[in-house]
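Asks: how would this look folded up:
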Amino acid sequence: MKCPSKMSADTCKPQSKAALAGLQTTVSGNQEKFLGTRQHNTFALALRSGILAGMLALPAMAHATVIEFSVSGIVAKGVDEMRLFSNYGESIVGKAYTMRFWLDTATLTDYGTGTMHGAGSANTDKPVHFSGEVTMGNRSYGWTLAPDGRAGLYLGPKSNAMMEGYGTYDQDRYQLWSMIGVFPGGSAVPYFDSLEFEQRIEFKDFVDPWGYSAEFQLTYTAPFSPGDFGTYTPKTNFVGTGTYALWQVREVPEPAQVAMLLAGLTLVARAARRNRRSA
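Replies: Numbering: from 1, shown residues only. This is a model prediction of the structure:
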């Protein structure tokens with residue numbers, strides 16, 4: 001074998017089996033290292049893409065505005081025939097309570113003047129999204145109105161706020177009307193300077209012009225036991241004074257934005273699974 005003049009003689013010597021095996025091992029190791037690096041880069045790219053998709057989705061998740069309105073106080077009068085908050089023979093009068101509402105403003109129609117900002121579902125065919133919860137002691141009862149219910153809210157002349165919901169749920173077995181209304185005293189400083197719903201308002205010192213700040217009326221219609229006739233309609237109603245109330249915004253993501261975020265997370269999960277399989 002004749003070597004080119006510019007190459008050393010050692011370079012042109014036939015390789016032994018041991019040397020060839022070592023060379024193959026080196027090449028194989030380099031291939032594995034290359035493939036591993038490529039898989040790592042692919043996974044890192046997918047991870048960055050998934051995180052980027054999630055980050056792009058997060059800033060836009062404030063389009064659906066849900067207003068939460070809550071009040072705490074003492075039950076002034078009422079009955080609990082449904083035994084939601086009491087035992088048999090026990091009165092709910094004098095009990096401490098907290099009532100919370102959540103109302104999505106996306107399907108409401110604005111109304112009002114310069115001194116009042118209101119919105120309601122009475123003049124729209126869109127579904128209403130209204131939920132609530134009442135807590136007394138260690139007992140809580142929650143509900144979500146059927147989409148054909150009615151709900152509304154308003155901020156009055158810099159000082160009072162109200163939210164209410166009316167409708168049925170659970171295949172019309174339950175009929176509910178509930179309201180929270182908060183007003184300041186005669187010389188109280190206005191609670192807020194803006195009539196925009198998207199704000200946080202604390203009500204710490206207020207009066208009850210009707211004698212209460214919350215009202216809850218629930219009726220349940222159910223058939224009697226087999227063999228009986230008619231229906232049994234127990235009621236749980238109460239009105240309560242208020243000692244503290246809070247109006248605040250609960251922003252929730254739109255379905256399309258949730259889908260975008262989930263798509264990014266799915267991409268990350270698939271890349272991780274492929275990386276494990278090829279490891």
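Asks: For the stretch 1-150 of the chain, give me the ranges with low pLDDT.
Replies: Along the stretch 1-150 of the chain, segments meeting pLDDT under 70 span 1-64.
Asks: What segments of it are strands?
Replies: Here the stretch 1-150 of the chain has its strands, by DSSP state E, counting those that start in this stretch, at 64-80, 96-104, 109-111, 117-120, 130-136, 139-144, 150-155.
Asks: Same list (these) but as a markdown table, adding mean neighbour count.
Replies: Heads up, the C-betas are built off the backbone N, CA and C, glycines and all. Shown next, in a markdown table, are these (neighbours: other Cβ atoms under 10 Å):
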| stretch | mean neighbour count |
| --- | --- |
| strand 64-80 | 19 |
| strand 96-104 | 21 |
| strand 109-111 | 13 |
| strand 117-120 | 18 |
| strand 130-136 | 21 |
| strand 139-144 | 14 |
| strand 150-155 | 21 |
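Asks: what's the closest of those to residue 248?
Replies: Nearest of those to residue 248, taken as Cβ to Cβ: strand 64-80 at 5.3 Å.
Asks: now for the closest one, which elements pack on it?
Replies: Judged by 3 or more Cβ pairs under 8 Å, 6 or more residues apart in numbering; DSSP states H and E, the packing partners of strand 64-80 are strand 96-104, strand 161-169, strand 174-184, strand 214-220, strand 235-240, strand 244-252.
Asks: Let's see that with 6 Å instead.
Replies: Packing partners of strand 64-80 (3 or more Cβ pairs under 6 Å, 6 or more residues apart in numbering; DSSP states H and E): strand 96-104, strand 235-240, strand 244-252.
Asks: Export those strands as JSON lines, with columns for distance to residue 72.
Replies: Below are the helices and strands packed on strand 64-80 laid out as JSON lines (distance: least, Cβ to Cβ, whole Å):
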{"stretch": "strand 96-104", "distance to residue 72": "5"}
{"stretch": "strand 235-240", "distance to residue 72": "9"}
{"stretch": "strand 244-252", "distance to residue 72": "5"}
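Asks: mind checking which of those strands is nearest residue 132?
Replies: strand 96-104 (4.9 Å).
Asks: neighbouring strands for that closest one, and are they parallel or not?
Replies: If you go by DSSP bridges, strand 96-104 pairs up with strand 64-80 (antiparallel), strand 130-136 (antiparallel).
Asks: Same list, those strands, but as CSV with distance to residue 160 please.
Replies: As requested, the strands paired with strand 96-104 are exported to CSV (distance: least, Cβ to Cβ, whole Å):
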stretch, distance to residue 160
strand 64-80, 12
strand 130-136, 20
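Asks: Right, I'll leave it there.
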